[in-house]
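In: Starting from these lines, generate the structure:
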Amino acid sequence: MGENLKANESQTITTPSSQAYPSWYSPKTGIYHSKHTSMNLPTEPFADVVSYIFSQKHEGENALVDSSTGVSIPYSQLYPSVKAVASGLHHMGVKQGDVVLILLPNSIIFPIIFLGVLSLGATIAPMNPVSNPLEIKKQTKDCKVKLAFTTPEKVEQLKSAGLQFPTIPVQENIIPGSIFHTIITSDPNFAPKPIINQEHAAAIMFSSGTTGACKGVVLTHKNFIAMVALFIRFEASQYKELSPSKNVYLAVLPMFHIFGLAQFVTGLLSLGTTIIVMKKFDPEEMIRAIEKFRVTHFPVVPPLMNALTKKARTLPNSSEILKSLKQVSSGAAPLTTKAIQEFVQALPHVDFIQGYGMTETTAVATRGFNTNELKNYTSVGLLAPNSEAKVVDWVSGESMPPGGVGELWLRSPGVMKCYLKNPEETINNVDKDGWLHTGDIVYFDQDGYLYVIDRLKEVIKYKGFQISPADLESVLMSHPEVVDAAVTAITDEEAGEIPVAFVVRKKGSKLSETSLMDFVATKVSPYKKVRKVCFTNVVPRSAAGKIIRRELKNILPSRL
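Out: Have a look, this model is predicted:
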């Protein structure tokens, strides 16, 4: 295995001579083209992602299965259920252009609500269900939400926060007579058939973006169609020996996140794949689900992969229990070479790949692909079809050839329309030629494989979730005994990265690390909590007042 594991930490990066440039790279323009053949996407202006998904032919039987109860939704009932939701919402007054908020954990109902809203021509805003009311209020301020789907216990929280839109409680067991029961059992024949332009907004996804505070990423039907075709359907076509309708995927990734949304809520449903849905992650339940439902594919973030590796190494007869697994794909956050090596050693029969994508690219960017000749585990893969890239030196602005290191710029049909009501940030991140400046430091090797080696952007990746340092700094500065604050990430084996706060206290203050962390915890979602605090005399800043984050780690105490 060792000779095939291309570890980015140990690779020697060299700039090739002009004679060595491969055909998929243009030294004249600095553009990397996909090595894959371009795919045909709908060119007519009026096309929507729901129609695109359900126009695809397949032989799938069960679409969505609850891992704990075994309750399933067959493909024969999936589209009628989607149309029933559209019909029910239409009768409630929801119309094309309205925004519907979804604050739900994973469930077999989630995709039906999502697709039902989109088929109505409305826009959906998925959000982490553990978000607190203040975060929800802040993030939805510019959305003009018409109504929200959420858990029963969340309804009162939203009302107490002064959020004015109506809320629909969604129960695990749909109660006859409830408003949700009325919606989901509506007559699908009365679903409206709006004319939807590909450029119409399909979803507003909340992301920290390449820098700064959380922003609403506006994704269109065109973006989602590209994602289904270039990310999901193309990957399935790479493995011709496997029938997509016979594959079984385990859905642990949150469906409100672009990774889970791309896989389980939209893309895989176009293939006839069976999706086993876990409401929340539990290591024991994960193993039971893989064995019971003969799971073949498991998309993960690093903490999930580490948990699977641990189970595979400690379970008696793990090779028998996990024998159905064919592929594990990791994304959303970086992996260490050690974690990859341990996984491959523990599960040698499983094809392991990584991928790269962003909310701003509708998950479209790169995807790993292993062959008998090359097992390229540490790369995030090859550019997706219909995609282009540049690697740009962030100081000189020069385009770098294969082997050269710089910031990754991407251009593809998946690149977002804009940041919601934030033209300045949109212009800062997507230039006039359509290039998204990702903020990630990368290089391509001579075979066209991409390696992510660092980040220019400030966003922290905690267990695959994005945390904006600016958001945490704002909360810290609201404490009466805090004079100045900065937040950065440090590496953590389990979580990938954790946020660490550097804080200047008021003179004479006895504020403790624990009390400050508790203060922040009351104002943010659980995954956003500050995990460590370092009190300091000064926060390093530039002449313009910008925090110099690279210097923060120089003042970290050894105990951290």
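
In: residues touching residue 524, list them.
Out: 132, 135, 471, 472, 475 (C-beta atoms under 8 Å, 6 or more residues apart in numbering). Using the backbone N, CA and C atoms, a C-beta is placed for each residue, glycine as well.

In: pLDDT wise, what is the first one at?
Out: The score at residue 132 is 86. That number is its pLDDT.

In: Not including adjacent chain positions, what is the nearest residue to it?
Out: Closest residue in space to residue 132, ignoring its immediate chain neighbours: residue 525 at 6.2 Å, by C-beta to C-beta, 6 or more residues apart in numbering.

In: got it, and residue 207?
Out: residue 359 (3.9 Å).

In: My understanding was that the one you found contacts residue 259; is that so?
Out: No. With contact defined as C-beta atoms under 8 Å, residue 359 does not count as touching residue 259 (9.2 Å).

In: Tell me, please, where in the stretch 401-550 of the chain the pLDDT is lower than the cut-off.
Out: Flagging of the stretch 401-550 of the chain using pLDDT under 70 yields the residue ranges 542-545.

In: and residue 159, which of the three is it?
Out: helix (DSSP: H, G, I helix; E, B strand; the rest coil).

In: Distance of it relative to residue 93?
Out: 20 Å (C-beta to C-beta, to the nearest Å).

In: what's the answer for residue 369, then?
Out: Distance of residue 369 to residue 93, computed by C-beta to C-beta: 47 Å.

In: can I assume residue 486 is in contact with residue 550?
Out: No. Contact status for residue 486 versus residue 550: not in contact, 11.4 Å apart, counting by C-beta under 8 Å.

In: Those two: who's more crowded?
Out: Neighbour tally, residue 486 and residue 550, criterion other C-beta atoms under 10 Å: the higher count belongs to residue 486, 24 against 9.

In: Now for that one: which residues touch it?
Out: By C-beta under 8 Å, 6+ apart, the neighbours of residue 486 are 469, 473, 501, 502, 539, 540, 547, 549, 552.

In: would JSON lines of the residues you listed with neighbour count, distance to residue 431 and secondary structure be doable?
Out: Converted to JSON lines, the contacts of residue 486 look like this (neighbours: other C-beta atoms under 10 Å; distance: C-beta to C-beta, whole Å; DSSP: H, G, I helix; E, B strand; the rest coil):
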{"residue": "469", "neighbour count": "25", "distance to residue 431": "24", "secondary structure": "helix"}
{"residue": "473", "neighbour count": "21", "distance to residue 431": "28", "secondary structure": "helix"}
{"residue": "501", "neighbour count": "26", "distance to residue 431": "33", "secondary structure": "strand"}
{"residue": "502", "neighbour count": "26", "distance to residue 431": "33", "secondary structure": "strand"}
{"residue": "539", "neighbour count": "19", "distance to residue 431": "31", "secondary structure": "coil"}
{"residue": "540", "neighbour count": "16", "distance to residue 431": "30", "secondary structure": "coil"}
{"residue": "547", "neighbour count": "21", "distance to residue 431": "25", "secondary structure": "strand"}
{"residue": "549", "neighbour count": "16", "distance to residue 431": "24", "secondary structure": "helix"}
{"residue": "552", "neighbour count": "22", "distance to residue 431": "30", "secondary structure": "helix"}
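
In: would a markdown table of these with distance to residue 347 be doable?
Out: Output for the contacts of residue 486, formatted as a markdown table (distance: C-beta to C-beta, whole Å):
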| residue | distance to residue 347 |
| --- | --- |
| 469 | 35 |
| 473 | 40 |
| 501 | 37 |
| 502 | 40 |
| 539 | 44 |
| 540 | 44 |
| 547 | 42 |
| 549 | 37 |
| 552 | 37 |
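
In: which one of these sits closest to residue 446?
Out: residue 549 (32.9 Å; C-beta to C-beta).

In: Give me the nearest residue to the closest one, chain neighbours excluded.
Out: Using C-beta to C-beta, 6+ apart and skipping residues adjacent in sequence, the residue nearest residue 549 is residue 488, 4.9 Å away.

In: ok but the one you found is inside a helix, no?
Out: No. Under three-state DSSP, residue 488 falls outside any helix and is assigned strand.

In: who's it bridged to?
Out: Residue 488 has the following beta-bridge partners by DSSP bridges: residue 500.

In: Can you give the contact residues for stretch 20-38?
Out: Outside stretch 20-38, the residues that reach it (C-beta under 8 Å, 6+ apart) are 18, 234, 382-392, 398-402, 444, 446, 448.

In: hmm, 6 Å instead?
Out: Contact with stretch 20-38 is made by 382, 383, 385, 386, 387, 388, 389, 390, 399, 402, 444, 448, as judged by C-beta atoms under 6 Å, 6 or more residues apart in numbering.

In: Please identify which pair of the residues you listed lies farthest apart.
Out: Across the contacts of stretch 20-38, the longest distance by C-beta to C-beta is 21.8 Å; it joins 385 and 399.

In: of those two, who's got more company?
Out: residue 385 (23 against 20).

In: can you map out the strands along the stretch 451-560 of the chain?
Out: Secondary structure of the stretch 451-560 of the chain (DSSP state E, counting those that start in this stretch): strands at 460-462, 465-467, 482-492, 496-505, 532-535.

In: between the ones you listed, which gets nearest to residue 99?
Out: Closest to residue 99 of the strands of the stretch 451-560 of the chain, according to C-beta to C-beta: strand 465-467, at 21.4 Å.

In: can you put the contacts of residue 524 in JSON lines and add distance to residue 120 and neighbour count?
Out: Shown next, in JSON lines, are these (distance: C-beta to C-beta, whole Å; neighbours: other C-beta atoms under 10 Å):
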{"residue": "132", "distance to residue 120": "29", "neighbour count": "17"}
{"residue": "135", "distance to residue 120": "27", "neighbour count": "20"}
{"residue": "471", "distance to residue 120": "32", "neighbour count": "20"}
{"residue": "472", "distance to residue 120": "37", "neighbour count": "23"}
{"residue": "475", "distance to residue 120": "37", "neighbour count": "21"}
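
In: What residues sit buried inside the biggest helix by length in the chain?
Out: Assignment by DSSP state H gives helix 75-91 as the longest helix of the chain. For helix 75-91, a neighbour-count test (16 or more other C-beta atoms under 10 Å) marks 75, 78-79, 81-90 as buried.

In: following that helix, which helix or strand shows up next?
Out: Next helix or strand after helix 75-91 toward the C-terminus (DSSP states H and E): strand 99-103.

In: Measure how far that following strand is from the centre of its chain, please.
Out: With C-alpha atoms, centre = their mean, to the nearest Å as the basis, strand 99-103 stands 17 Å off its chain's centre.

In: Kindly report the same for stretch 273-287.
Out: Worked out by C-alpha atoms, centre = their mean, stretch 273-287 lies 18 Å from the chain centre.

In: What of stretch 452-460?
Out: Stretch 452-460 sits 16 Å away from the centroid of its parent chain (C-alpha atoms, centre = their mean).

In: partners of the nearest residue to residue 454 once chain neighbours are set aside in the sheet?
Out: The shortest distance from residue 454 to any residue other than its chain neighbours is 4.0 Å, reached at residue 441 (C-beta to C-beta, 6+ apart). Judged by DSSP bridges, the bridge partners of residue 441 are residue 407, residue 454.

In: From residue 452, how far out is residue 441?
Out: Using C-beta to C-beta, residue 441 is found at 7 Å from residue 452.

In: Over to residue 411?
Out: Residue 411 sits 18 Å away from residue 452, going by C-beta to C-beta.

In: for residue 321, same thing?
Out: 33 Å.

In: more neighbours, these two?
Out: More crowded of residue 321 and residue 452, by other C-beta under 10 Å: residue 452, with 19 against 16.
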